[in-house]
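**Q** Attaching a predicted model along with its sequence, questions to come.
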Amino acid sequence: MNRRQLMLAGAAVVSVAAWPEARLWAQQTQDFIEGPPVADIPAQQLSKHVWMIYSPDGFPTPENRGMMANIIFVVTSVGVVVIDSGASLQIGQMAIRMIRQVSDKPVVAVFNSHYHGDHWLGNHAFVKTFGDKLPIYALASTITKLKGAESNLWRGLMERWTNQSTMGTQVVIPNTAVQHGQVMQFGDVSLRMHHYGTAHTPSDLSVEVVQDKVTAVGDIAMTNRIANMDEGSYPGTFKYYKALIAATGEQLWVPGHGRARQDLLKTYGDFMAGIWEPSLKAVEDGKSEAEARAAVMKDPRVASRAKTMEGFEGNIGKYISLAYLEAEKVAF
């Protein structure tokens, strides 16, 4: 092709691209390849240094485009630290826009509370914006889990649950392990790491913002959503709460799902005990799982949540079954 032909071809492309239909097609193609942007959710200040981008939804849908988990960030004198980055590239990009409304400092670190995808798939947006050398911290067990099939499993699930809204999200695994008790200094703010065994998962990291008496607890407790206990432990959850409270004292507890509350561990712990204790007693008394379920549903700690808790109807039966199975192991 000579120079004149190249110029004519280029002009034709420009002309076609100028057609409204062509522009629409190009936009739709881009949306499919990368997925549409997520609507802005302005950050709410929780304390001197801590902000939260609150997710009103507890489960992913095509309508919320996967925005189902809170994103927390800490503004320090040396930069912004993010705790849980969201469920997709697009959610992470929205979080960056909201961070920039609060601070012009760069993001200098990201922490992932555990390996469920709604808490770390947004890592892609942060390395895309701040560079692939950005430290992304998690427990070693989380990193190991995500190096296996878990990471791509979660990416695929989020695409399916949101009707492909999260397309374009790439797996970015945490690159630096942290340990229980480790204290990390970011300018004027100290972050302390906590891990007390299996609660929601075997890999639950809680991050304490020491100066503010604020602790991000991931999914070990939720304000008004029934937690996934497939990989968790009821006695382990109670043990975790007790140890965390003993180590930190009074805190504002910030969950991965729901509002931050000072009484969060008590209120959610009461709900969990309302499932666990009748299940354990049923096992000890030689009663069936069906009888355990009936006892749980009558327990006021559970019954009081039945009409208001997100996901209650669809999940309570499963989590009673899990409690009963764990109670059998504990009792015998």
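**A** Ah, there it is. Here the structure is a predicted model, which means the values were calculated and not measured.
**Q** Which strand residues bridge the nearest residue to Leu252 once chain neighbours are set aside?
**A** Nearest residue to Leu252 in three dimensions, chain neighbours excluded: Val214, at 4.7 Å (CB to CB, 6 or more residues apart in numbering). Backbone N, C-alpha and C define where each C-beta goes, glycine included. The bridge-partner assignment for Val214, based on DSSP bridges, gives Val209, Leu252.
**Q** Distance check, Val214 against Ala243.
**A** Val214 sits 18 Å away from Ala243, taking CB to CB, to the nearest Å as the criterion.
**Q** who's more crowded, the two?
**A** Val214 (23 against 15; other CB atoms under 10 Å).
**Q** circling back to that earlier point, would you confirm that the residue nearest to Leu252 contacts Thr248?
**A** No - Val214 is not in contact with Thr248 according to CB atoms under 8 Å; the separation is 9.8 Å.
**Q** Leu191: which element?
**A** Per DSSP states H and E: Leu191 is located in strand 189-194.
**Q** now that strand, how far from the centre of its chain.
**A** Offset of strand 189-194 from its chain centre (CA atoms, centre = their mean, to the nearest Å): 19 Å.
**Q** hey, what's in contact with both of Val214 and Thr248?
**A** Common neighbours of Val214 and Thr248 (criterion: CB atoms under 8 Å, 6 or more residues apart in numbering): Glu208.
**Q** the helices in the stretch 201-332 of the chain, which residues?
**A** Defined through DSSP state H, counting those that start in this stretch, the helices belonging to the stretch 201-332 of the chain, from first to last, are 234-248, 264-284, 289-298, 300-303, 312-331.
**Q** Quick check: which of those is nearest to Gly92?
**A** Distance to Gly92, taken as CB to CB, is lowest for helix 264-284 among these, at 25.3 Å.
**Q** what comes up buried for the closest one?
**A** The neighbour-count check on helix 264-284 (16 or more other CB atoms under 10 Å) flags 264-265, 267-280, 282-283 as buried.
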